[in-house]
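*Asks:* Sequence first, then the predicted structure, then my questions.
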Amino acid sequence: MKNIIVLFILFLIFLSFNILRNYLLKKKRLKLNNALNANYFNQVINNLIDENKYNLLEERIRLRNIDPYGNEDLKKWIGNPPLDLKDINVNIKKGSKVFKEGIPYFWEKVILKQFESPELFFEKWRSYVKVNPTIEDEIQCTKRDLKIEDWFVFIASKIEKSCLYLLKNDYLNKNNKNYNKGINFENHCMNILINSGWIVKVTPITGDQGVDLIATINEFRICIQCKNHEKAIGNKAVQEISAGKLYWKGTHAVLVSKSGFTKSAHKLAKANKVKLIHESELKDLKKYIN
């Protein structure tokens, strides 16, 4: 009888040991899986932002609004997408406007494609949250618990840090091969205008109707197209800025070039009341439109 009891106790110990071992192994595998998913998630986000950093900066500049005191309004750039998976799927299916521009557009069209679906994106994100349960909240200036709905804050913060780093290091005015030459010149023109006292708005990438910048002072609303070409600018640009002035309800149309204009462009510009100026004349824009 005693032997049976001893064997039973040994069996229970062995069974308990196996259950505990399987539990610990399962927990270890889960921890490892979460770590791998979290690392993959973070690496993919960082790589995509780095690959597209110049385009992201370009879009940020186009979507921002600057008031007369130099303050930036980034509402269009940052956006306000839904944070819940169910709401995200509904908005994407309906073609909602919340994912049509700025950071939300980049998330849907670039980041989400890498993860194939919102469900897989959130699967990796949940693993990241488990591995990194706290976050340094730069708004509240404190460390707090990281929540599932913080996914967009996480993405937007990484993108903003990338853009601000480029701005801080003056990438806009450097001859960087990875940065669009035309945008570089456009920003150069914008800086000249701002330094001359103009309030300048950058038109969006899509639907600009041939107008790159809109500069305003008092009653003047100048529609400007910036051309950084090696050859003289022809009729097409004159036609574009002339039509763009009507679309944006401008008072004047101005075409800025580094390489001059063809004789035909001068004739067409005169007929359409389009001002053709060299970049060196931009600082005296008010004099030319008068």
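*Replies:* Happy to help now that I have it.
*Asks:* Now do stretch 196-215, average pLDDT.
*Replies:* Across stretch 196-215, pLDDT averages out at 81.
*Asks:* Could you tell me the end-to-end distance of it?
*Replies:* Stretch 196-215 has an end-to-end distance of 11 Å (CA to CA, to the nearest Å).
*Asks:* Same question for stretch 88-106.
*Replies:* 14 Å.
*Asks:* swap in stretch 218-238?
*Replies:* Using CA to CA, one end of stretch 218-238 lies 25 Å from the other.
*Asks:* Give me the distance between the residue positioned nearest the centre of the chain and I49.
*Replies:* Centroid-nearest residue in the chain, with CA atoms, centre = their mean: L56, separated by 4.0 Å. Counting by CB to CB, to the nearest Å, the gap from L56 to I49 is 7 Å. Just so you know, the C-beta spots here come from the backbone N, C-alpha and C atoms, and that holds for glycine as well.
*Asks:* what kind of secondary structure is K201 in?
*Replies:* strand (DSSP: H, G, I helix; E, B strand; the rest coil).
*Asks:* element containing the nearest residue to it once chain neighbours are set aside?
*Replies:* Spatial nearest neighbour of K201, chain neighbours left out: I214 (4.6 Å); criterion: CB to CB, 6 or more residues apart in numbering. Per DSSP states H and E: I214 is located in strand 213-217.
*Asks:* tell me what that strand is packed against?
*Replies:* helix 181-195, strand 199-202, strand 220-227 (3 or more CB pairs under 8 Å, 6 or more residues apart in numbering; DSSP states H and E).
*Asks:* Break down this structure into its strands, ranges please.
*Replies:* For the chain, the strands defined by DSSP state E cover 65-66, 72-73, 134-137, 142-145, 199-202, 213-217, 220-227, 252-257, 274-278.
*Asks:* right, so of those, which gets closest to C189?
*Replies:* For the strands of the chain, the distance to C189 is smallest for strand 220-227, at 4.8 Å, taking CB to CB.
*Asks:* Quick one: list the elements packing against the closest one.
*Replies:* By 3+ CB pairs under 8 Å, 6+ apart, strand 220-227 packs against helix 181-195, strand 213-217, helix 235-247, strand 252-257, helix 285-289.
*Asks:* Was I right to think V274 contacts S242?
*Replies:* Yes - counting by CB atoms under 8 Å, V274 touches S242, with 5.5 Å between them.
*Asks:* if we can go back for a sec, using a markdown table, lay out the strands of the chain together with mean neighbour count and distance to A156.
*Replies:* Formatted as a markdown table, the strands of the chain follow (neighbours: other CB atoms under 10 Å; distance: least, CB to CB, whole Å):
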| stretch | mean neighbour count | distance to A156 |
| --- | --- | --- |
| strand 65-66 | 15 | 18 |
| strand 72-73 | 12 | 15 |
| strand 134-137 | 13 | 13 |
| strand 142-145 | 10 | 17 |
| strand 199-202 | 18 | 20 |
| strand 213-217 | 20 | 26 |
| strand 220-227 | 23 | 29 |
| strand 252-257 | 24 | 33 |
| strand 274-278 | 18 | 38 |
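*Asks:* With distance to K109 added, can I get the ones you listed in TSV?
*Replies:* Shown next, in TSV, are those (distance: least, CB to CB, whole Å):
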stretch	distance to K109
strand 65-66	23
strand 72-73	23
strand 134-137	26
strand 142-145	30
strand 199-202	21
strand 213-217	26
strand 220-227	26
strand 252-257	31
strand 274-278	35
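*Asks:* Out of these, which gets the lowest mean score?
*Replies:* For the strands of the chain, the bottom mean pLDDT is recorded on strand 134-137, which sits at a mean of 71.
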